[in-house]
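Visitor: structure of the sequence below:
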Amino acid sequence: MKLIIINALPTSMIFGKKVDAWWFEKNGFEVEFLDISNIFFSNEEIISYYGGNTDYRYKAPNQTSVNSMTDLLKKLDDINKNNSVIYYLSRSIYRTTKDEKVLKYIQSKNIILFFKAFETEPIPNNFYLNLVYKLRMLKRKINNINIKPDVYFGCGEVSRTLVTFIFPKTKFIPISSPKIEWQKKENVIQKDYIVFVDESIEYEPDAKMQNKVSCINLNAYYRRMNKLFDNLEEWLGILVIIGASGKYIYPENRFGDREIIYKKTFSLIEHATLVVGHTSSALDHNIKCKKPMLFIDDKSFTQYKRDGFKTAIPLIGNKIYMSDEVTKEDIENILKKENKDFHRLVNDYFKEDGVNEDYREIMAKAFRECIANKIQT
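Guide: Numbers count the residues shown, from 1 in each chain. Coordinates of the predicted model:
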């Protein structure tokens with residue numbers, strides 16, 4: 001059978017590895033990956049998105065760049081609906097692009113349509129913020145009023161609740177979050193250490209594409225962070241390691257010659273004595289690892305950057321500390337604190353109880369079953 005994966009956003013190496021189109025090709029699917037981001041974004045925006053690392057662009061099997069809506073609709077016309085499903089990456093309950101025409105056309109062709117969300121916006125526990133959250137979800141329900149995916153892959157009970165509200169006729173299939181590597185990770189450093197989970201403030205692909213700025217004074221940011229790292233190393237007697245995602249390759253070391261390790265962040269989190277970070281999505285992996293975490297803000301961060309804290313704080317459940325105000329007593333308190341909400345957080349946002357199979361296996365089974373049921377009817 002044919003699995004057609006469509007993304008209306010630029011596909012990063014990090015996100016692409018979670019989608020893992022190559023896994024599906026190796027496991028019996030005829031995969032076609034349609035990159036339709038050129039329809040919704042300018043060439044300059046896409047170049048900016050990938051500009052921090054020449055290897056940041058994901059390369060999928062049978063990948064095609066579609067440059068116009070006319071060309072895309074022609075491709076959709078050629079799909080054999082009895083032997084194909086569409087796995088659409090860039091719309092969950094959130095509308096990231098004005099893609100209604102694309103989705104309505106897919107539905108008009110009666111092609112089986114799958115949505116997914118690898119993460120779910122946390123429910124605030126503040127009364128006012130909770131009210132704003134509910135109004136935002138109502139708006140998203142209205143935005144999706146004419147969009148009816150056949151199946152939605154989601155992570156956790158909160159995702160199930162939102163999908164049931166926004167897509168009441170859509171089948172929800174629970175998966176374990178690809179944002180967490182559930183199998184034990186090998187230790188790449190044979191000593192105690194602190195890991196700083198870097199969010200590449202110097203070059204953020206999303207910010208670049210949106211012409212936004214996260215930090216108004218990079219030099220001051222690095223100066224304060226390096227002073228913090230000096231203090232942590234003195235207080236705990238172990239070194240700080242920089243865990244870098246690979247979004248940006250540093251031409252020079254901005255971290256006081258500390259070791260920078262690329263693409264091993266999950267392993268570094270799993271075996272660290274202390275995790276330090278701000279808004280990197282990799283911090284979600286610490287929900288599994290339950291490591292003490294120092295959650296950092298900085299005087300140079302913009303409101304755009306701080307908006308990213310809103311989704312992280314309810315999950316991490318940690319106080320936010322200004323980078324130049326952390327004390328030894330703060331660190332001692334963090335190291336003593338136990339995350340007693342681990343099971344609830346996992347069940348709500350990352351993996352429902354009873355979901356133990358690899359998420360790709362669950363998806364593959366659903367793709368095949370939907371085609372089998374379509375053939376039978």
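Visitor: please pull up the helix or strand immediately following the helix or strand of the chain with the lowest mean pLDDT.
Guide: Per-element confidence for the chain was summarised using mean pLDDT, DSSP states H and E. The lowest value among helices and strands belongs to helix 309-316, with a mean of 65. The helix or strand immediately downstream of helix 309-316 is strand 320-322, counting by DSSP states H and E.
Visitor: what's that next one packed up against?
Guide: In terms of contacts (3 or more C-beta pairs under 8 Å, 6 or more residues apart in numbering; DSSP states H and E), strand 320-322 is packed against strand 293-297. Bear in mind the C-beta positions are built from the backbone N, C-alpha and C, glycine included.
Visitor: what pairs with the strand it packs on, parallel or antiparallel?
Guide: strand 274-277 (parallel), strand 320-322 (parallel) (DSSP bridges).
Visitor: give the next helix or strand downstream of that strand.
Guide: Toward the C-terminus, strand 293-297 is succeeded by helix 303-307 as the next helix or strand (DSSP H and E).
Visitor: buried set for that next one?
Guide: Lys305 (16 or more other C-beta atoms under 10 Å).
Visitor: do stretch 365-374 as well
Guide: Buried residues in stretch 365-374, counted by 16+ other C-beta under 10 Å: Ala366, Phe367, Cys370, Ile371, Lys374.
Visitor: which stretches of the stretch 1-150 of the chain form strands?
Guide: For the stretch 1-150 of the chain, the strands defined by DSSP state E, counting those that start in this stretch occupy 2-7, 30-35, 63-65, 84-88, 112-116.
Visitor: got those strands as TSV, with distance to Arg160 and mean pLDDT columns?
Guide: Below are those laid out as TSV (distance: least, C-beta to C-beta, whole Å; pLDDT from 0 to 100):
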stretch	distance to Arg160	mean pLDDT
strand 2-7	23	98
strand 30-35	28	98
strand 63-65	32	96
strand 84-88	19	97
strand 112-116	13	97
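Visitor: redo these as TSV? Include mean neighbour count.
Guide: Written out in TSV, the entries for those read as follows (neighbours: other C-beta atoms under 10 Å):
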stretch	mean neighbour count
strand 2-7	22
strand 30-35	21
strand 63-65	15
strand 84-88	23
strand 112-116	23
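Visitor: in CSV, list the ones you listed along with distance to Lys227.
Guide: Supplementary listing: the strands of the stretch 1-150 of the chain in CSV, determined by distance: least, C-beta to C-beta, whole Å:
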stretch, distance to Lys227
strand 2-7, 41
strand 30-35, 43
strand 63-65, 45
strand 84-88, 46
strand 112-116, 42
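Visitor: nearest to Ser281, of the ones you listed?
Guide: Taking C-beta to C-beta as the measure, the strands of the stretch 1-150 of the chain were each checked against Ser281, and strand 112-116 came out nearest at 15.4 Å.
Visitor: what about the closest one, distance to the chain center?
Guide: The chain centre lies 18 Å from the centre of strand 112-116; the measure is C-alpha atoms, centre = their mean, to the nearest Å.
Visitor: contact partners of that strand?
Guide: Contacting residues not belonging to strand 112-116 are listed as 81, 84-89, 91-92, 103, 106-107, 148-154, 167, 170, 175, 363, 366-367, 370-371, 374 [C-beta atoms under 8 Å, 6 or more residues apart in numbering].
Visitor: could you check how far Lys319 is from Asn144?
Guide: Per C-beta to C-beta, to the nearest Å, Lys319 is found 36 Å from Asn144.
Visitor: okay, the two: which has more neighbours?
Guide: Summary of the neighbour comparison: Lys319 and Asn144, criterion other C-beta atoms under 10 Å, with Asn144 having more neighbours (21 against 12).
Visitor: stretch 322-333: which residues count as buried?
Guide: Ser323, Val326, Ile331.
Visitor: quick one: end-to-end distance for that stretch.
Guide: Stretch 322-333 has an end-to-end distance of 16 Å (criterion: C-alpha to C-alpha, to the nearest Å).
Visitor: and Lys191, what element?
Guide: Assignment of secondary structure by DSSP H and E places Lys191 within no helix or strand.
Visitor: so what pLDDT did it get?
Guide: According to the predicted model, the pLDDT of Lys191 comes to 94.
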